[in-house]
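**Q** no sequence on this one, just coordinates:
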């Protein structure tokens, strides 16, 4: 084949566009699967990484938890992930007390971490004694140990994150597919 | 000339096969662990229930001083050794008290719990034990409550996989008792 045509085939506009489209395809499919899973489980974040050691020895930092929220009322003894309205960090703890109002079905929940000596009232908002069903992101349905250590490392060492992104960009430029 | 694979190609092939196998294993383990049979036994006896009021029991609870708190004295004998299989990391054993009240269709509180970490610790023997956690009604007093039950539950936490519940040790339904209000003047 002619040299120019060969060069065009490798680095031409068309190739770049196709590569870009393939990348977009992968990204949007991943996004769709994530959002679909969120809808199915009724949870804003169906997969979370354990950040603290307050549920040891059951769950350690770096474990990945699979959550399913659904719509049914919470029962005592279930491990749930909740996020108090004003605080940004989700917490994984066990439900210690449940009071369900007959008329409204509203649930008053109290939680506690297995490794903590006292219940979570100190973690809730000021003056809040109970958490609501709506503050629950999901109940823990399954987990894989240590699989989330990558996320923890990237959070603790942000250079890792930038380094990883840079490596990926470089690799994708040199790949042929 | 036959096709020779370079190092990177071999590495990529091995890695992708390893990942696929690992994922398949995770699925198989998650699905089969709940099916492993177990045969736990337990006896729960309640000695007495004593209710007091007038002291600030809970630092975060504003009403604490005026609320009624119940103190239960109980014995527990349980053999949970059969619940330890190869995929059991620990057992979370807890005793709940649940009752009905006027405005609330369910009221359940964990009054005692323990993390059982291995077979050696799995034979529980509690004598004249008190509740580990404060028990008070949502309302200030225990008036109007009914159908109180005390149950032992055991929740196994696996090393890997789906969280499951072995059918509750619901034999532990102890004498339903009315937690009456006894004012301490």
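**A** Yep, it's here. Note that the structure is a prediction, hence the values are computed from the model and not measured. Numbers count the residues shown, from 1 in each chain, chains lettered A, B, ... in the order given.
**Q** which stretches of chain B have low pLDDT?
**A** B:1-3, B:166-185 (pLDDT under 70).
**Q** How about the closest residue to chain A within it, nearest residue that isn't a chain neighbour?
**A** Across chain B, the shortest distance to chain A (CB to the nearest CB) belongs to residue B:60, at 3.8 Å. For every residue, glycine as well, the C-beta is placed using N, CA and C. Excluding its sequence neighbours, the residue lying closest to residue B:60 (CB to CB, 6 or more residues apart in numbering or on different chains) is residue A:121, at 3.8 Å.
**Q** where along chain B do the helices fall?
**A** B:7-32 (DSSP state H).
**Q** At the contact with chain A, which residues of it appear?
**A** Applying CB under 8 Å from any CB of the partner chain, we find that chain B lies next to chain A at B:26, B:30, B:58, B:60-61, B:89-90, B:92, B:94, B:96, B:98, B:103-110, B:115, B:117, B:133, B:138, B:153, B:155, B:157, B:159-163.
**Q** ok, residue B:33 - contacts?
**A** B:85, B:87, B:158, B:161, B:162, B:164 (CB atoms under 8 Å, 6 or more residues apart in numbering or on different chains).
**Q** For the nearest residue in space to the fourth one that is not next to it in sequence, grab the count of nearby residues.
**A** If I follow you right, that is residue B:161. Distances taken as CB to CB, 6+ apart place residue B:30 nearest to residue B:161, at 3.6 Å, with adjacent residues excluded. For residue B:30, the tally of surrounding residues (other CB atoms under 10 Å in any protein chain shown) stands at 21.
**Q** you'd agree residue B:30 is up against residue B:163?
**A** No. With contact defined as CB atoms under 8 Å, residue B:30 does not count as touching residue B:163 (9.8 Å).
**Q** which neighbours do those two share?
**A** residue A:142.
**Q** follow-up on the earlier one: among the contacts of residue B:33, which are in strands?
**A** Per DSSP state E, strands hold the following members of the contacts of residue B:33: B:158, B:161, B:162.
**Q** can you name the two of the contacts of residue B:33 that are farthest apart?
**A** Within these, two members stand farthest from each other by CB to CB: B:85 and B:162, at 13.8 Å.
**Q** With neighbour numbers in mind, choose between the two.
**A** residue B:162 (17 against 12).
**Q** what's the spacing between the more buried one and residue A:92?
**A** Relative to residue A:92, residue B:162 is positioned 16 Å away (CB to CB, to the nearest Å).
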